[in-house]
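Asks: Got a predicted structure here, sequence first:
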Amino acid sequence: MLQDEGASRRKFLHSTLQTSLLGLATWGMGATSARAREAWPPRRPGFGPSSALLPSAGSSSPRVTGFFPILQGATSATETQLHVLTPTEAVCKYVVIDAVGGRREFWAARRRGVAASGWLSDHVWIDGLQPGLDYRLEVERVDQAGERSGVLDRREFKTLAHAAAATRPLKTALISCMNDRYVNDQAAMWAAVAVSEPELMIFNGDLCYVDQRSSGTIDGMWDRHVTTRRMLDVFRWHKLVPTLVNWDDHDLAENDSNVRNPRVQPAGEFFDAMFGVDPVQGLTRAPGRSFAMEFGGIKFLMLDGRSALDARASRVFSEDELHWAEREIQSANKPMVLVCGQQFFGDYLIGAESVERYARPQLQRLMQAGQQSNVPLVLVSGDVHFSEIMRLESSLMGYESLEITSSAIHSRTFIGQQYRSSNPRRLESTSRNNFCLTTFTPSLDGREVAVDLRCLGRDQTEYFQFKDRIRR
């Protein structure tokens, strides 16, 4: 493990200004590191787009221009949150500029990560925004005297449109399995996502392959996050896109991770440092890691299918989180999208994990909650390195619905791998690197949702298209 002047990593963490209850350091703005520093300004690894389909300079699509890797997280009509990866020794001020030039200054609410890595994640909370308006973000470096020393980065972002527009279409990119081993593929695939101009992105598991190419230490887990965050083009788009995140096995530093994984705790701390969500209007949290977020006229239920997974006990979700999910589904007044890293109905797939295979009684409880709800449910999953649409029969919830599996945007795959097992529910599929650009349009009464999906690859190659209406 990394040591600091002879001290253990644990002592090093506890010597910082603050320490989280789980042991992940929350660093003060003046934190320093024992590890040799990179030269300022930090240089990005040379992993930019090459022959990918790139948005032109005059296009409204996001372009790769950013200096710091930034993720825009859960966003309401008046609030948003940013996770900004910055060098440990850097102190940054975040200036939000509105359309008429009004300026407001924000500082990181906290910094998280392993300072000795040379990189920490600034968590920036921004409130007092106007619904649906465009804003500009400027990242300024501040010197030791508190004086600004130049603008290092500029981005654009916006908030959620006002609730009055709750029945308008919501263009959502469903994305999973972001393996940074595939350098050229990532550039081409994120360029295709950018040209699609989603209003919301769902990152559904395996956002960092922490278990691959790691030093094997706890600090090495953080280093893997830093490498991935610095490499992927999506985090350097000049236009930020609100993103909801879920984790899956590789994020937990173990393939097919379950409750016996000894690294679940530090993996969760590092994942939260990079992707964690803070409450905004419309967001509710489960007793564990699951959460729900209303975005326009759709409610997304992001289910943690890893922390409590125990096939021996027929369990994927903890009992507390399952109770919470049942209540959320039964009380919903707008269409719901249930999101889990692994497939819900995946018992057909030889050698793969799924809720159906490991915890059929829990899946039945979710379906029973769907029967008791007044709104339709659509299921979304990832993990399997191919995408498919399944037709869910009416005997499950009292009406026909869908499970949309979207995988992988850039990770290992081979042509036809989805056919290694027959799936009688399958309507469409591809095993090419892809994402599912899915437009959800809720009805005024909330009892129907139209689904318009395009499964896209590099250069926006369309592998399949699908349209349907799910009526409760």
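Replies: Structure's in. What do you need?
Asks: What's the local residue count around T78?
Replies: 16 (other CB atoms under 10 Å). The C-beta positions use only the backbone N, C-alpha and C, and glycine is treated the same way.
Asks: right, and it touches D127 too?
Replies: Yes. With contact defined as CB atoms under 8 Å, T78 reaches D127; the gap is 6.3 Å.
Asks: Contact partners for the nearest residue to W324 once chain neighbours are set aside?
Replies: Nearest residue to W324 in three dimensions, chain neighbours excluded: A286, at 4.3 Å (CB to CB, 6 or more residues apart in numbering). Under the criterion of CB atoms under 8 Å, 6 or more residues apart in numbering, the neighbours of A286 are A292, D304, D320, E321, W324, A325.
Asks: mind listing which of those residues are in helices?
Replies: D320, E321, W324, A325 (DSSP state H).
Asks: circling back: buried ones only from the contacts of A286, please, as a ChimeraX command.
Replies: Only the buried entries of those go into this ChimeraX selection, using 16 or more other CB atoms under 10 Å:
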select :292,304,321,324,325
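Asks: low pLDDT regions in the stretch 301-450 of the chain?
Replies: Filtered on pLDDT under 70, the stretch 301-450 of the chain yields no residues whatsoever.
Asks: And the strands in the stretch 51-200 of the chain, which stretches?
Replies: Using DSSP state E, counting those that start in this stretch, the strands of the stretch 51-200 of the chain run over residues 70-72, 80-87, 92-97, 103-107, 110-112, 119-126, 134-142, 148-158, 170-175, 200-204.
Asks: any chance of these in JSON lines, plus distance to V451, mean neighbour count and mean pLDDT?
Replies: Below are the strands of the stretch 51-200 of the chain laid out as JSON lines (distance: least, CB to CB, whole Å; neighbours: other CB atoms under 10 Å; pLDDT from 0 to 100):
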{"stretch": "strand 70-72", "distance to V451": "25", "mean neighbour count": "24", "mean pLDDT": "98"}
{"stretch": "strand 80-87", "distance to V451": "27", "mean neighbour count": "23", "mean pLDDT": "97"}
{"stretch": "strand 92-97", "distance to V451": "35", "mean neighbour count": "18", "mean pLDDT": "96"}
{"stretch": "strand 103-107", "distance to V451": "37", "mean neighbour count": "13", "mean pLDDT": "96"}
{"stretch": "strand 110-112", "distance to V451": "37", "mean neighbour count": "23", "mean pLDDT": "95"}
{"stretch": "strand 119-126", "distance to V451": "32", "mean neighbour count": "24", "mean pLDDT": "97"}
{"stretch": "strand 134-142", "distance to V451": "28", "mean neighbour count": "18", "mean pLDDT": "95"}
{"stretch": "strand 148-158", "distance to V451": "24", "mean neighbour count": "16", "mean pLDDT": "90"}
{"stretch": "strand 170-175", "distance to V451": "10", "mean neighbour count": "24", "mean pLDDT": "97"}
{"stretch": "strand 200-204", "distance to V451": "14", "mean neighbour count": "24", "mean pLDDT": "98"}
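Asks: Which stretches in the stretch 301-450 of the chain count as helices?
Replies: 319-331, 355-358, 360-372, 394-397 (DSSP state H, counting those that start in this stretch).
Asks: okay, those helices, which one's buried deepest?
Replies: helix 355-358 (a mean of 21; mean count of other CB atoms under 10 Å).
Asks: So which other helices or strands are in contact with it?
Replies: Packing partners of helix 355-358 (3 or more CB pairs under 8 Å, 6 or more residues apart in numbering; DSSP states H and E): helix 360-372.
Asks: The helix it packs on to helix 319-331, inter-axis angle?
Replies: In terms of direction (axes from the mean of the first three to the mean of the last three CA atoms, to 10 degrees), helix 360-372 departs from helix 319-331 by 20 degrees.
Asks: what's in contact with helix 360-372?
Replies: Residues outside helix 360-372 that contact it (CB under 8 Å, 6+ apart) are 314-317, 322, 325-326, 329-330, 338, 344-345, 347, 355-356, 377, 396-398, 401.
Asks: try 10 Å this time
Replies: For helix 360-372, the surrounding residues in contact (CB atoms under 10 Å, 6 or more residues apart in numbering) are 301, 303, 305, 314-317, 319, 322-323, 325-332, 336, 338, 340, 344-345, 347, 354-357, 359, 376-377, 379, 392, 395-399, 401, 472.
Asks: starting at the chain centroid, how far to it?
Replies: Counting by CA atoms, centre = their mean, to the nearest Å, helix 360-372 is centred 25 Å from the centre of its parent chain.
Asks: related to what we said a few turns ago, using CSV, lay out the helices of the stretch 301-450 of the chain together with distance to D383.
Replies: Below are the helices of the stretch 301-450 of the chain laid out as CSV (distance: least, CB to CB, whole Å):
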stretch, distance to D383
helix 319-331, 19
helix 355-358, 11
helix 360-372, 15
helix 394-397, 21
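Asks: Phi and psi next, for H225.
Replies: phi -60, psi -40 (degrees, to the nearest 10).
Asks: What is the neighbour count of it?
Replies: 25.
Asks: How about the one 5 residues further on?
Replies: For R230, the count of nearby residues is 19 (other CB under 10 Å).
Asks: so it makes contact with C208?
Replies: No. Between R230 and C208 there is no contact under CB atoms under 10 Å: 11.4 Å.
Asks: So for T78 and D127, which residues contact both of them?
Replies: Common neighbours of T78 and D127 (CB under 10 Å, 6+ apart) are V280, Q281.
Asks: what's the span of stretch 454-467 from first residue to last?
Replies: 9 Å (CA to CA, to the nearest Å).
Asks: Report the mean confidence score over that stretch.
Replies: Stretch 454-467 shows a mean pLDDT of 97.
Asks: Mind listing what's buried along it?
Replies: By neighbour count on 16+ other CB under 10 Å, the buried set for stretch 454-467 is R454, C455, L456, G457, R458, Y463, F464, F466.
Asks: nearest residue to the fifth one other than its sequence neighbours?
Replies: The shortest distance from R458 to any residue other than its chain neighbours is 3.9 Å, reached at A188 (CB to CB, 6+ apart).
Asks: Would you mind confirming that that neighbour is in contact with R432?
Replies: No. A188 is beyond contact range of R432, at 11.6 Å (criterion: CB under 10 Å).
Asks: Same drill for these two, tell me which one is more crowded.
Replies: Remark: of A188 and R432, A188 carries more neighbours, 21 against 16, as counted by other CB under 10 Å.
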